[in-house]
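Student: Need a 3D model of the sequence below.
(one chain, ligands or ions: 1)
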Amino acid sequence: MTFPSIPAVRENGTGVPLVLLHAFPLSARMWDAQLELLPGPSGDEARVLTMDQRGFGAEALGDEAPSLDLVADDVVRLLDATGIDRAVIGGLSMGGYVAMAFTRRHPDRLAGLLLADTKATVDAEPARANRERIARTVLARDSVHLLAEEKIEEGLLGPAADPQLAARVRRMIAESTPQAVAWAQRAMADRPDSLDVLAAVTVPAAVVVGEFDAITPLAEARLMADALGDAQLTVIPSVGHLSSLEAPETFNAAVRGLLRRVGR
Ligand code: MLT
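Tutor: You can find the predicted model right below:
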């Protein structure tokens, strides 16, 4: 396989193209409900595309130094391969960081922006140090054992999350490799502040956040919405960081609102 390769895509529907980018350390499967439901009963309300990010799910990691810019460029390769000129780019958490890198690097390919449970500010030093600790630990152990517990304790899910959903999230995390986890942690630690990038966005935007998101809380969502100027902010009650998984119907309603604004 030549690398970087074109990410494998799963897609459904016709209409406004929407690329959804997943959180750390999950995979594109976290978007199953969006892939199935967002195109609507007639299938023409959205063309939803999902991809695994480097090293996760079915994607190879490659040997380039960690950078979310590379993942943003992978998204462009996906658009080129699927014949899409401009798309709504949406991401949750790490996927949101990639969506902001995409916005910085490829603004001409952006039809709309969806930022869910993510933040535009850089990590404080303790958070960067913690990312390096996790990277070293998983590589040294050659295992992602305990990562799911650590992430769940950090607040991936709200206090009232369905135990079956928690089990599904644990399974997805357990499928990640130490190499991908370390690479992504280092790439996230290196990401720049994106508030200036958001201030320059002229396409419709939406910001979504779970009320109990402790990882990228409401204050961060407000900062992004304020920087964007013309963004709709949706706070989903009673859920945590993985709001699209915990409350797919409310999440999808917010995305539909954005797609309508883009389609006008
Ligand atoms: C995620 O959900 O993608 C991560 O928690 C993001 C992060 O570690 O900043």
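Student: Most proximal residue of the stretch 151-264 of the chain with respect to the ligand?
Tutor: I215 (4.9 Å; CB to the nearest ligand atom). No exception for glycine: its C-beta is placed from N, CA and C like everyone else's.
Student: could you pull out the helices for the stretch 1-150 of the chain?
Tutor: 32-37, 68-81, 94-105, 125-141, 147-154 (DSSP state H, counting those that start in this stretch).
Student: could you give the angle of the second one to helix 94-105?
Tutor: By that I understand helix 68-81. 80 degrees (axes from the mean of the first three to the mean of the last three CA atoms, to 10 degrees).
Student: swap in the fourth one?
Tutor: Relative orientation of helix 125-141 with respect to helix 94-105: 110 degrees, computed using the same axes, to 10 degrees.
Student: and helix 125-141, does that touch the ligand?
Tutor: No: judged by CB under 6 Å from any ligand atom, helix 125-141 and the ligand are separated, with a smallest distance of 7.2 Å.
Student: How about stretch 30-49?
Tutor: No: for stretch 30-49, no contact with the ligand is found by CB under 6 Å from any ligand atom; the gap never falls below 9.7 Å.
Student: Please report the separation between the first and final residues of that stretch.
Tutor: 12 Å (CA to CA, to the nearest Å).
Student: for it, what is the average pLDDT?
Tutor: Mean pLDDT, stretch 30-49: 97.
Student: Contact partners for the residue nearest the centre of the chain?
Tutor: Nearest residue to the geometric centre of the chain (CA atoms, centre = their mean): G95, 2.0 Å. Contacts here follow CB atoms under 8 Å, 6 or more residues apart in numbering; on that basis G95 touches L20, L21, H22, A23, Q53, A116, T118.
Student: quick one, phi psi at the residue of the stretch 151-264 of the chain closest to the ligand?
Tutor: phi -90, psi -50 (degrees, to the nearest 10).
Student: pLDDT wise, what is it at?
Tutor: 95.
Student: Tally up the residues packed near it, please.
Tutor: When neighbours are counted by other CB atoms under 10 Å, I215 registers 18.
Student: same question, G91
Tutor: 28.
Student: For it, name its beta-bridge partners.
Tutor: Beta bridges link G91 to L21, L115, judged by DSSP bridges.
Student: helices or strands next to the worst-scoring helix or strand of the chain on mean pLDDT in the packing?
Tutor: Lowest on mean pLDDT, DSSP states H and E among the helices and strands of the chain sits helix 147-154, with a mean of 87. Judged by 3 or more CB pairs under 8 Å, 6 or more residues apart in numbering; DSSP states H and E, the packing partners of helix 147-154 are helix 125-141, helix 163-174.
Student: Which secondary structure elements does the helix or strand following the shortest one sit against?
Tutor: Under the assignment DSSP states H and E, the closest C-terminal helix or strand after helix 163-174 is helix 178-189. On a contact count with 3+ CB pairs under 8 Å, 6+ apart, helix 178-189 meets helix 68-81, helix 94-105, helix 125-141.
Student: highest average neighbour count across the helices of the stretch 1-150 of the chain?
Tutor: helix 94-105 (a mean of 25; mean count of other CB atoms under 10 Å).
Student: Not counting residues beside it along the chain, what's closest to A166?
Tutor: Closest residue to A166 apart from its sequence neighbours, by CB to CB, 6 or more residues apart in numbering: L157 at 5.8 Å.
Student: To what extent is that neighbour buried, counted in neighbours?
Tutor: For L157, using other CB under 10 Å, the count is 23.
Student: That one and G240 touch, don't they?
Tutor: Yes: using CB atoms under 8 Å, L157 is in contact with G240, at 4.8 Å.
Student: Give me the common contacts of the two.
Tutor: E246.
Student: Quick one: the helices of the stretch 1-150 of the chain as CSV, columns for distance to V16 too.
Tutor: Compiled in CSV, the helices of the stretch 1-150 of the chain are given as follows (distance: least, CB to CB, whole Å):
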stretch, distance to V16
helix 32-37, 13
helix 68-81, 13
helix 94-105, 16
helix 125-141, 35
helix 147-154, 32
